[in-house]
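> could you work out the structure for the sequence below:
(one chain, ligands or ions: 1)
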Amino acid sequence: MTSAPPEHETPMLHPELRTDGDPDAIVRRGRRLDHAEGTSKPLKSRREPQPRGAKVHGNRPIDQAEAAARFIAAPEHEKMHDERLWDLRQKRDREMQAIPEWEELRSLAAAIKEHTLTHLDDYLEEFETNAQSNGIHVHWARDAAEHNRVVHEILRDHGAKSLIKSKSMLTEECGFRHYMASVGIEVIETDLGERIQQLDHEDPSHVVVPAVHKLRTDVAAVFARTLGTDPENSDVHYLAEAQREATRPLILQADAGMTGCNFAVAETGGFVVCTNEGNADLSANVPKLHIAAIGIEKIIPRLEHLAVFVRLLSRSALGSPITQYTSHFRGPRAGGELHVVLVDNGRSKRLGMAEFWTSLKCIRCGACMNTCPVYRRSGGLSYGATYSGPIGLIIDPTFNARKYSNLPFASTLNGSCSNVCPVKINIHQQIYAWRRELVNLHEVPLVKKVAMKAAGELLSRPAAYRAAIAAGDAALAHLPRFVIYSGLNAWGRHREMPHPPKQTFHDWYKANRAEKP
Ligand code: SF4
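Below is the predicted model:
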């Protein structure tokens with residue numbers, strides 16, 4: 001049932017939503033309904049409960065498989081998630097095919113990133129000098145705690161109590177929102193997907209589309225609970241409009257704004273933020289104080305290099321030729337202040353890791369997630385980490401090898417992630433390398449270690465291997481079903497076991513091809 005919000009809860013209206021005598025306006029209780037809300041149709045559908053993410057217990061290894069199983073057990077969510085992301089992958093392919101020099105662009109992007117990363121100290125200093133001469137205050141943060149403290153100090157010095165923020169994976173990495181809540185500063189996410197996640201007390205599940213794991217009925221339920229919308233109306237325009245109406249006043253009143261950064265240009269001391277909703281521009285331009293959190297790997301040397309990345313980013317991410325807003329920030333707005341915080345948080349350490357340093361080339365496009373069969377069917381929150389999908393598998397263990405020790409095993413190693421990566425990161429090879437590394441670090445569960453050792457022994461002894469195959473075939477042919485599909489057989493939980501062949505290839509070869517004595 002629709003229930004009208006009490007009068008005192010009616011959101012303040014942005015000027016564009018006032019009727020101002022417009023005869024065509026659709027008005028309800030003196031309030032103009034914008035195009036979307038005025039024409040939206042209540043959509044009723046049976047609600048499948050939203051599967052929640054991985055259970056996180058301190059430093060204990062995340063059980064991604066357990067959370068993935070719960071996601072798969074919600075068929076509407078799994079189907080929608082798989083289809084939506086595969087659609088992005090197909091759009092990406094169409095855009096890629098329309099650019100004959102696509103592979104050249106990828107090689108160029110990879111080379112620029114590799115060059116920059118191997119001269120990172122020089123380019124960071126160049127960026128700092130140029131940014132300062134543009135009137136930007138530059139801060140450095142060794143880790144997440146320092147980043148949060150630096151931003152807090154800037155806000156405190158300005159007496160800021162509220163902050164509007166556009167999407168930034170770096171701030172997620174730093175646990176920024178939780179920290180700000182602990183010091184009494186209100187953070188309002190301005191990206192629609194990110195705001196949905198904030199209102200639902202969930203982390204983003206994808207680096208580009210943070211709420212992609214939610215059905216629109218899930219969003220309707222979140223907004224009904226938090227914004228007082230009609231729980232039965234899951235029309236996307238209605239929901240977007242409701243969030244816009246509720247958030248605009250908060251944006252207009254905020255004391256400070258915060259953005260992330262897609263690319264920081266050493267040559268100019270400026271940086272670029274790419275969004276599709278224009279929310280970074282609101283965060284940067286409405287309040288007088290703008291703070292940008294920049295991971296040190298976001299540096300590129302020259303402005304001309306930007307064209308390479310801008311052409312690749314949106315095509316790889318969403319299959320669109322360009323993001324709606326590619327906003328350049330070169331200095332503070334008139335009468336305002338601009339601060340950038342250059343954050344390391346483990347990046348220098350990763351740069352020194354021979355097999356994993358190239359993961360720093362990542363431009364967070366999400367293409368590897370969209371193509372990954374495991375990610376598409378298990379949802380980003382099943383990884384229990386800031387970064388999910390293939391890129392998460394190679395970045396997360398650099399933060400905490402124990403906690404994320406299961407993640408590199410959540411991959412089929414099919415290599416599709418590496419094939420779509422616009423900066424040519426050898427993702428699947430790094431996933432495989434992490435498996436070896438985790439064994440060396442003794443971060444692989446004992447059961448898996450023993451099983452792998454036993455498999456290794458078996459595979460290295462042909463006679464024992466053939467005997468085991470023969471025994472397995474005999475068991476499959478003669479044992480009753482309830483024994484074969486017992487709880488010990490993880491493979492059989494979701495699949496039928498293969499029928500044992502009458503003759504193994506080895507027996508056939510011996511009978512037909514092997515040289516007779
Ligand atoms: S690893 Fe490559 S494909 Fe994946 S998010 Fe980063 S840049 Fe995109």
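
> near the ligand, which residues of this structure? Just list them.
Among all residues of the chain, those adjacent to the ligand (criterion: C-beta under 6 Å from any ligand atom) are 316, 362-368, 391, 420-423, 425, 427. Yep, even glycine has a C-beta here, placed from its N, CA and C like the rest.

> out of those residues, who has the most neighbours?
Tallying neighbours with other C-beta atoms under 10 Å puts Ala367 at the head of those, with 30 neighbours.

> ok, now which ones touch that one?
Arg89, Arg92, Ser316, Ala317, Val420, Cys421, Pro422 (C-beta atoms under 8 Å, 6 or more residues apart in numbering).

> list phi and psi for it.
Note on Ala367: its backbone torsions stand at phi -60, psi -40 [degrees, to the nearest 10].

> do the same with Ser411
Taking degrees, to the nearest 10 as the convention, Ser411 sits at phi -150, psi 150.

> before we move on, what about Phe71?
Dihedral angles phi and psi of Phe71 (degrees, to the nearest 10) take the values phi -70, psi -40.

> number of residues surrounding it?
Other residues lying near Phe71 total 22 when counted by other C-beta under 10 Å.

> so it touches Tyr383, yeah?
No: contact between Phe71 and Tyr383 fails when scored by C-beta atoms under 8 Å: they sit 10.9 Å apart.

> show me where pLDDT drops low in the stretch 1-150 of the chain?
For the stretch 1-150 of the chain, the stretches with pLDDT under 70 are 1-46.

> from it, which residue is nearest to the ligand?
Taking C-beta to the nearest ligand atom as the measure, the stretch 1-150 of the chain has Ala109 as its residue closest to the ligand, at 8.9 Å.

> quick check: what element follows the strand or helix carrying that residue along the chain?
When secondary structure is defined using DSSP states H and E, the element that contains Ala109 is helix 102-118. Following helix 102-118 in sequence order, the next helix or strand is helix 120-133 (DSSP H and E).

> that following helix vs helix 102-118, what angle?
Angular relation of helix 120-133 and helix 102-118 on a 0 to 180 degree scale: 90 degrees, by axes from the mean of the first three to the mean of the last three C-alpha atoms, to 10 degrees.

> other SSEs contacting helix 120-133?
strand 137-141, strand 299-300, strand 337-343 (3 or more C-beta pairs under 8 Å, 6 or more residues apart in numbering; DSSP states H and E).

> buried set for the first one?
Read it as strand 137-141. The neighbour-count check on strand 137-141 (16 or more other C-beta atoms under 10 Å) flags Val138, His139, Ala141 as buried.

> how many neighbours does the residue nearest to the first one when sequence neighbours are not counted have?
Counting by C-beta to C-beta, 6 or more residues apart in numbering, the nearest residue to Val138 once its immediate chain neighbours are dropped is Glu128, at 4.9 Å. By the measure other C-beta under 10 Å, the count of residues near Glu128 is 18.

> residue contacts, Glu128?
By C-beta under 8 Å, 6+ apart, Glu128 lies in contact with Val138, Gly269, Leu342.

> got a list of what the second one touches?
With contact taken as C-beta under 8 Å, 6+ apart, Gly269 is in contact with Phe127, Glu128, Thr129, Asn130, Ala131, Gln132, Ser133, Asn134, Ile136, Arg330.

> and Ser283, by the same measure?
In this structure, Ser283 makes contact with Ile164, Lys165, Ser166, Thr190, Ile251, Gly257, Met258, Thr259, His290, judged by C-beta under 8 Å, 6+ apart.

> residues making contact with the helix ranked longest in the chain?
Using DSSP state H, we find that the single longest helix of the chain is helix 75-97. Around helix 75-97, the neighbours that count as contacts under C-beta under 8 Å, 6+ apart are 48, 50-51, 71-72, 102, 209, 212-213, 215, 315-321, 366-367, 369-371, 375-377, 379, 420.

> which ChimeraX command selects the buried ones in those?
Selection command for ChimeraX covering only the buried members of the contacts of helix 75-97, criterion 16+ other C-beta under 10 Å:
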select :48,50,51,71,72,102,209,212,213,215,315,316,317,318,319,366,367,369,370,371,375,376,377,379,420
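
> if we can go back for a sec, distance from the chain centre to the helix holding Ala109, please.
On the basis of C-alpha atoms, centre = their mean, to the nearest Å, helix 102-118 sits 22 Å off its chain's mean C-alpha point.

> for Leu438, give its distance to the ligand.
Leu438 sits 20 Å away from the ligand, taking C-beta to the nearest ligand atom, to the nearest Å as the criterion.

> what helices and strands are in contact with the helix or strand harbouring that residue?
In this structure, Leu438 sits in helix 427-440 according to DSSP H and E. Packing contacts for helix 427-440, counted by 3+ C-beta pairs under 8 Å, 6+ apart, involve helix 389-399, helix 416-420.

> show me what contacts whatever residue of the stretch 401-517 of the chain ends up closest to the ligand?
Sorted by distance to the ligand under C-beta to the nearest ligand atom, the residues of the stretch 401-517 of the chain start with Cys421, at 3.3 Å. With contacts defined as C-beta under 8 Å, 6+ apart, the neighbours of Cys421 are Arg106, Ser316, Ala367, Cys368, Ile427.

> the closest residue to the last one other than its chain neighbours and Tyr432: what is the separation?
Spelled out, that is Ile427. Closest residue in space to Ile427, ignoring its immediate chain neighbours: Cys417 at 4.2 Å, by C-beta to C-beta, 6+ apart. In this structure, Cys417 and Tyr432 are separated by 12 Å, where distance is defined by C-beta to C-beta, to the nearest Å.

> make sure Ala68 is actually in contact with Ser382.
Yes: with contact defined as C-beta under 8 Å, Ala68 and Ser382 form a contacting pair (4.5 Å).

> more neighbours, these two?
For the pair Ala68 and Ser382, the greater number of neighbours falls to Ser382 (30 against 22), based on other C-beta under 10 Å.

> start to end distance for stretch 276-289?
22 Å (C-alpha to C-alpha, to the nearest Å).
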